[in-house]
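Colleague: missing the sequence, but the structure's below:
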DNA sequence: CTTGGAAAGTCAACAAGGCTGACATAAAAT
DNA sequence: ATTTTATGTCAGCCTTGTTGACTTTCCAAG
């Protein structure tokens, strides 16, 4: 292994932070994300839906009764963009949009049975790959994986992430 | 920590593979990827370039003299899509496209000084976040992070990834 | 030397999924 | 009564992906 020529890290215990190591991390994220989305994408192609629909369905399933505004924050898109997706999902009977009780301006979103079916199909494919990767890498690696990803998030999104059920992990 | 109610994993040492854990992993990928691309995206907005240009510039910098075909495989897009990006980069003098010596059909791609400048700007931003995440999580976590990501890749891309310099890591 | 096929480039057309801006409505808050 | 908030919608634009058809260049096999 070459001794990272010309890299001013000082030579303490932080040797793993060479530019080379960081670049490999960046590339790992890029290639892994491709694998991460590959299976759902394959399933969705041919249907009239895409990755954006998958994301909406995922988070509605995750937080049933969530409001549109809430979903907007989590997904980080404009309401026009989200609305286009939600409209088709509601029209096709995968998502139900109920007027709020306390605040009648709000719409609360729920998956219908049909919506749950699609979510399960997509989720099972994605979880299958995740499970295989977890198995191959082992429990200690999984813990590290989660730690690094969490540290990589924007602080506001990290909070959203941690509030998504089982936050104690 | 709750004992994963109603989850039929059998109770061996693979408890960490509950659906809940897998879903959290999926969400971690989603949110972390947003953070991962946030800084370069911010820099690129306002310029006439986008994420596709960033990717091209990154991998040309990484493998100077790479051919178009090679880049196509790594990026996983069609040649028409890549060509649109490369054309603007060549026109703007960030990338040089040299006809091959051995095989004159091939074009070998190199960053110009200007291209190197852009790559460095984007890369420094992205590495900054990666470095902070690595520091926060620690060396053991980083190793696990890389292991899981690697296991998540499509086999063919994993090979591409491992061949990108310092493959012994 | 001719020809088949690979590598690359180009043109046209289209789709998904982002974006902005403008505007409408209903309901809550002040 | 007025303002603010939550949502929906229309129109139009951009980036980045796609397919299909076609051309040019040029290596290599017959």
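Modeller: Cool, the structure landed. If you're wondering where the values come from, they're calculated on a predicted model, not measured in any experiment. Numbers count the residues shown, from 1 in each chain, chains lettered A, B, ... in the order given.
Colleague: low pLDDT regions in chain A?
Modeller: Scanning chain A for pLDDT under 70 picks out A:1-16, A:166-169.
Colleague: Contacts only, for the residue of chain A found nearest chain B.
Modeller: Closest to chain B within chain A is residue A:144: 2.5 Å, counting by C-beta to the nearest C-beta. Every C-beta, even on glycine, is put in place using the N, C-alpha and C of the backbone. Contacts of residue A:144 were listed using C-beta atoms under 8 Å, 6 or more residues apart in numbering or on different chains, and they are B:137, B:140-145, B:147-148.
Colleague: Most neighbours out of those residues, which is it?
Modeller: Using other C-beta atoms under 10 Å in any protein chain shown as the neighbour criterion, residue B:145 leads the contacts of residue A:144 with 30 neighbours.
Colleague: Helix or strand: which one has that one?
Modeller: Here residue B:145 sits within helix B:139-152, counting by DSSP states H and E.
Colleague: I'd like the next helix or strand past that helix.
Modeller: Per DSSP H and E, helix B:139-152 leads on to helix B:155-162 as the next helix or strand towards the C-terminus.
Colleague: Look up how far residue A:30 lies from the residue most central in space within chain A.
Modeller: Central residue of chain A (C-alpha atoms, centre = their mean): residue A:55, 7.3 Å from the mean position. Remark: distance between residue A:55 and residue A:30 (C-beta to C-beta, to the nearest Å) = 19 Å.
Colleague: Which residue, other than its chain neighbours, is closest to the residue in chain A positioned nearest to DNA strand C?
Modeller: Nearest residue of chain A to DNA strand C: residue A:50, at 1.7 Å (C-beta to the nearest atom of the strand). Distances taken as C-beta to C-beta, 6 or more residues apart in numbering or on different chains place residue A:44 nearest to residue A:50, at 5.9 Å, with adjacent residues excluded.
Colleague: is it true that residue A:73 touches residue A:161?
Modeller: No - in this structure residue A:73 lies outside contact range of residue A:161 using C-beta atoms under 8 Å: 11.7 Å.
Colleague: that older thread, adding distance to DNA strand D, write the contacts of residue A:144 out as TSV.
Modeller: TSV is the format used below for the contacts of residue A:144 (distance: C-beta to the nearest atom of the strand, whole Å):
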residue	distance to DNA strand D
B:137	29
B:140	34
B:141	30
B:142	27
B:143	30
B:144	29
B:145	24
B:147	27
B:148	24
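Colleague: And the residues you listed, which is closest to residue B:124?
Modeller: Nearest to residue B:124 among the contacts of residue A:144: residue B:142, at 19.3 Å, using C-beta to C-beta.
Colleague: residues in contact with the closest one?
Modeller: Contacts of residue B:142 by C-beta under 8 Å, 6+ apart are A:16, A:21, A:25, A:144, A:148, B:134.
Colleague: what's the farthest-apart pair in these?
Modeller: Longest span within the contacts of residue B:142, C-beta to C-beta: A:21 and A:144, 14.3 Å.
Colleague: Residue A:105 should be in a helix, yeah?
Modeller: No - assessed with DSSP: H, G, I helix; E, B strand; the rest coil, residue A:105 is coil; it does not lie in a helix.
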